[in-house]
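[1] Sharing a model prediction with you, sequence too.
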There are 2 protein chains.
Amino acid sequence: MARGKGSDPNNSSHRLTAQDVARHAGVSIGTVSRVINNVPGVTPAVAQKVNAAIAELGWVPNVAAQNMRTSSSRMIGFIFSDIRNALYAQMTKGAEEVLAPRGYLLVTASSDGNPERELALIDLFKRRRADGMILTIEQENNVSTVAAIGNLSMPYVMLEREVSLGSTSVGADHYRGTKQAAEYLIRQGHQRIGIITGGQGTRVARDRVRGLEDAMNAAGLEIDRNLMRLESFSAEYAYRQTQELMGLANPPTALLSMGVRLLPGVLEALQIMGKSYPEDVSLICSNDSDIARIMMPKITAVRYDAMALGRVAAESLLDQVEGRTTSGTPPRIEIPTELVLRDSCRPLL
Amino acid sequence: MARGKGSDPNNSSHRLTAQDVARHAGVSIGTVSRVINNVPGVTPAVAQKVNAAIAELGWVPNVAAQNMRTSSSRMIGFIFSDIRNALYAQMTKGAEEVLAPRGYLLVTASSDGNPERELALIDLFKRRRADGMILTIEQENNVSTVAAIGNLSMPYVMLEREVSLGSTSVGADHYRGTKQAAEYLIRQGHQRIGIITGGQGTRVARDRVRGLEDAMNAAGLEIDRNLMRLESFSAEYAYRQTQELMGLANPPTALLSMGVRLLPGVLEALQIMGKSYPEDVSLICSNDSDIARIMMPKITAVRYDAMALGRVAAESLLDQVEGRTTSGTPPRIEIPTELVLRDSCRPLL
DNA sequence: TTGTAGGCGTTATCAA
DNA sequence: TTGATAACGCCTACAA
């Protein structure tokens, strides 16, 4: 079943090689190789013959053999927690868009955020002789993970993560994004701003918290640590923390939901408590999503281009892989964020 | 940058091979091979020595060489339109969950629904000597695509698609899912049921339309073809068609939104027209999603397990790859659907 | 411009 | 049980 016999005319049971093509075309194997690799200096007529033979026999070069000879797999590994997270799917699409046209195979692998699995995946891509890797690990400070990365003998790029190894890192400007969101709320008179986010031990989380703090400090407002819930990106976490925050004697008047998967949890919690936004609490989310656009009222969002993140990471990685690393390669590349104003915030003034 | 020197102690500039390990362990290269492949019959003490040498040198076998020798890549290709579609991300995760533990690498590739790109991707996986493929092509009746699939000399499984080549196909039971949804609406007194969906030329679309038709016929209701909008899965399409349908002199009293990406378009159209559900129109969507659960009122949905789809496809494919194909392999495997009742439908009686 | 032949790093067969 | 050695299919000097 589903095991065709191919379109091989002289259907011998032996797998086709360049040698067969050479024989069929009446040339040598070297010429076949030159033709398929576009090595200049082959007589057009000969190339013609070879291509005809290739087409007629239906031969495809054995990539394993090519890889072995050239010791390059033309394969890039991309490790993250879970492809079902829309963010990673978008990054994957972006990376694929730059890698595929250049002949590289992008291979993604989900770690479920498990550090041991991350180690195993890094090892996997080493065995598979990937030409490079894009890494979005769970914790930037996990010793064994960082050690494994440090031992990597291939180029890599950290995506939305940063380790102290001097490696190139690509990420969105969450600092500015969060600061801008907070400033917008503060301008509307909010003084108690809650934040729910995850990614502890990553630059993403640090940048967001710092953005909020800097905005508060600049406005001379007091920071209430109890309004910061920083332990997870899951919807369930958002659900519980929203209930806790809104149940406080002195609840926040505005809430920052920073992380794609959090918003459904926040909304569900508000619904079950009979609270509504922006009346009971002003709401800003990150990243932008269908939900933010569709909900009534529509939800103000910190938006950034996740596909660009993947694209830029891939480009930067290829620069390293192909040895184009311009002397002053920036160790950090930032993708801008944008505050999309909608109807989920209420002025308190 | 990001180019470690590895943990290789005797840091020679030459890449490690099994030969180096053999020398270091004082055995022959054949023994090294036997150890890493767990070939029975190696003296434990010798295996010990070899493993120590491997660890000390930090050697990892060259997969390209292994692939070439064994002519197996332990790689499975998965082609679909776009990884950003949540459905494909879920299928990918499901497939990865069965393939990874068994040592197979899952490689996904987005075709953007472009038949030419599908052809190129099929060719790509042939060159890369994939051990098998999971295919979710755009049109089941595209001659060149089907020809390419027919010429495949490797096992494959069609996922949510079906071609007349006798190949195994895995899919959700959209027929029953849609029929059940329609019956539920009919029981509530609806007689004019609109449907928006895409995937023309795929079994998915045929099954859905047939499900609706059978339910209508069984109830002795007349089918209005003008209420069927079957051309695309995009949100924009849903947006336009919803407006058209609801703007009809005699609009549908219920609407089936069959396709993950359609719902936001439907909702946006209703909002802009100042219509609301279930008052102005009853609504059922497929697949279930955060949006369906979070919107107020919550939206009744045809749910199915997309990860299971990926899992089952991968298992069925491995059965073929590893030659386990039980004589009576079912050519079609169906994943059940379930109607999740919520608050988006209004009885007309 | 084209042919020849060595070697890439494994696995697997055959002896020892 | 272990060692030597011939493939696997291609690329690439080097020769012709």
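    Yep, it's here. Numbers count the residues shown, from 1 in each chain, chains lettered A, B, ... in the order given.

[2] residues contacting the closest residue in space to A:Met154 that isn't next to it in sequence?
    Leaving out its chain neighbours, the residue that sits closest to A:Met154 by C-beta to C-beta, 6 or more residues apart in numbering or on different chains is A:Gly132, at 5.6 Å. Placement of C-beta: from N, CA and C, glycine included. Residues counted as contacts of A:Gly132 (C-beta atoms under 8 Å, 6 or more residues apart in numbering or on different chains) are A:Ile76, A:Gly77, A:Met154, A:Pro155, A:Tyr156, A:Val157, A:Leu317, A:Leu318, A:Gln320, A:Val321.

[3] Who's the closest spatial neighbour of the fourth one, skipping the chain neighbours?
    Closest residue in space to A:Pro155, ignoring its immediate chain neighbours: A:Gln320 at 3.6 Å, by C-beta to C-beta, 6+ apart.

[4] Would you double-check that that neighbour falls in a strand?
    No: under the criterion used here (DSSP: H, G, I helix; E, B strand; the rest coil), A:Gln320 is helix, not part of a strand.

[5] B:Ala130 versus A:Leu16, what's the distance?
    Spatial separation of A:Leu16 from B:Ala130 under the definition C-beta to C-beta, to the nearest Å is 17 Å.

[6] Same drill for those two, tell me which one is more crowded.
    In terms of neighbours (other C-beta atoms under 10 Å in any protein chain shown), B:Ala130 is the more surrounded of A:Leu16 and B:Ala130; the figures are 26 against 19.

[7] Pass me the low-pLDDT residue ranges in chain A, would you?
    Using pLDDT under 70 as the threshold, the predicted model of chain A has low-confidence ranges A:1-14, A:327-329.

[8] all strands of it, in order?
    For chain A, applying DSSP state E gives strands covering A:75-80, A:105-110, A:132-135, A:156-159, A:169-172, A:193-197, A:228-229, A:254-258, A:282-286, A:300-303, A:332-335, A:338-340.

[9] What strands flank the third one, and is each parallel or antiparallel?
    What it means is strand A:132-135. Strand pairing for strand A:132-135, determined by DSSP bridges: strand A:75-80 (parallel), strand A:156-159 (parallel).

[10] Specify the stretch among the ones you listed that is closest to DNA strand D.
    For the strands paired with strand A:132-135, the distance to DNA strand D is smallest for strand A:75-80, at 15.6 Å, taking C-beta to the nearest atom of the strand.

[11] Point me to the residue of the stretch 201-349 of chain A nearest DNA strand C.
    For the stretch 201-349 of chain A, the residue positioned closest to DNA strand C under C-beta to the nearest atom of the strand is A:Val321, at a distance of 18.4 Å.

[12] scratch that, the stretch 1-150 of chain A
    Among residues of the stretch 1-150 of chain A, the one nearest DNA strand C by C-beta to the nearest atom of the strand turns out to be A:Gly30. It sits 2.9 Å away.

[13] quick one: contacts for A:Leu248?
    Residues counted as contacts of A:Leu248 (C-beta under 8 Å, 6+ apart) are A:Asn226.

[14] one more time with 10 Å, if that's ok
    When contacts are counted by C-beta atoms under 10 Å, 6 or more residues apart in numbering or on different chains, A:Leu248 touches A:Arg192, A:Gly194, A:Asp224, A:Asn226, A:Leu227.

[15] Could you do A:Val143 as well?
    With contact taken as C-beta under 10 Å, 6+ apart, A:Val143 is in contact with A:Pro115.

[16] now it: how far from chain B?
    Distance, A:Val143 to chain B, using C-beta to the nearest C-beta, to the nearest Å: 15 Å.

[17] One more: A:Ile272?
    Shown here: A:Ile272 relative to chain B, a distance of 11 Å by C-beta to the nearest C-beta.

[18] can you count the residues close to that residue?
    Residue crowding around A:Ile272 was assessed by other C-beta under 10 Å; the count is 11.

[19] So for stretch A:53-60, what gets flagged as buried?
    The neighbour-count check on stretch A:53-60 (16 or more other C-beta atoms under 10 Å in any protein chain shown) flags A:Ala53, A:Ile54, A:Leu57, A:Trp59 as buried.

[20] got the contact list for the residue of the stretch 1-150 of chain A closest to DNA strand C?
    A:Gly30 makes contacts with A:Ala18, A:Ala22, A:Val39, as judged by C-beta under 10 Å, 6+ apart.

[21] circling back: would a markdown table of the strands of chain A with distance to B:Val46 be doable?
    Supplementary listing: the strands of chain A in a markdown table, determined by distance: least, C-beta to C-beta, whole Å:
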| stretch | distance to B:Val46 |
| --- | --- |
| strand A:75-80 | 33 |
| strand A:105-110 | 34 |
| strand A:132-135 | 34 |
| strand A:156-159 | 36 |
| strand A:169-172 | 45 |
| strand A:193-197 | 53 |
| strand A:228-229 | 56 |
| strand A:254-258 | 56 |
| strand A:282-286 | 57 |
| strand A:300-303 | 60 |
| strand A:332-335 | 49 |
| strand A:338-340 | 63 |
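
[22] Which segments of chain A make up each domain?
    Taking automatic domain parsing as the criterion, chain A consists of the domains A:18-69, A:74-171+A:307-335, A:174-303.

[23] In JSON lines: the ones you listed, plus distance to B:Ser276.
    JSON lines is the format used below for the domains of chain A (distance: least, C-beta to C-beta, whole Å):
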{"stretch": "domain A:18-69", "distance to B:Ser276": "56"}
{"stretch": "domain A:74-171+A:307-335", "distance to B:Ser276": "27"}
{"stretch": "domain A:174-303", "distance to B:Ser276": "10"}
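
[24] nearest residue to the residue of the stretch 201-349 of chain A closest to DNA strand C other than its sequence neighbours?
    Distances taken as C-beta to C-beta, 6+ apart place A:Gly132 nearest to A:Val321, at 4.6 Å, with adjacent residues excluded.

[25] Any figure for the gap between that neighbour and A:Gly323?
    Look at A:Gly132 and A:Gly323: by C-beta to C-beta, they are 12 Å apart.

[26] Need the overlap of contacts for these two.
    When contacts are counted by C-beta under 10 Å, 6+ apart, A:Gly132 and A:Gly323 have A:Pro155 as shared neighbours.

[27] For the closest residue to A:Val42 other than its chain neighbours, which residues are in contact?
    Counting by C-beta to C-beta, 6+ apart, A:Val42 lies nearest to A:Arg34, which is 5.2 Å off, once chain neighbours are set aside. Neighbouring residues of A:Arg34 by C-beta under 10 Å, 6+ apart: A:Val27, A:Ser28, A:Pro40, A:Gly41, A:Val42, A:Val46, A:Ala47, A:Val50.

[28] can you map out the helices along the stretch 201-349 of chain A?
    A:203-218, A:235-247, A:262-273, A:290-294, A:306-321 (DSSP state H, counting those that start in this stretch).

[29] Comparing those helices, which stretch has the densest surroundings?
    When the helices of the stretch 201-349 of chain A are scored by mean count of other C-beta atoms under 10 Å in any protein chain shown, the highest mean neighbour count falls to helix A:306-321 (a mean of 23).

[30] List the residues that contact the most centrally placed residue in chain A.
    Taking C-alpha atoms, centre = their mean, the centroid of chain A lies closest to A:Met91, which sits 3.8 Å from it. Contact analysis of A:Met91 by C-beta under 10 Å, 6+ apart lists A:78, A:80, A:83, A:85, A:108, A:134, A:136, A:159-160, A:170, A:306-314, B:83-84.

[31] What's the end-to-end length of stretch A:159-175?
    Stretch A:159-175 has its terminal residues 16 Å apart, counting by C-alpha to C-alpha, to the nearest Å.

[32] which parts of that stretch are buried?
    Counting neighbours by 16+ other C-beta under 10 Å, one finds that the buried residues in stretch A:159-175 are A:159-163, A:165, A:167-175.
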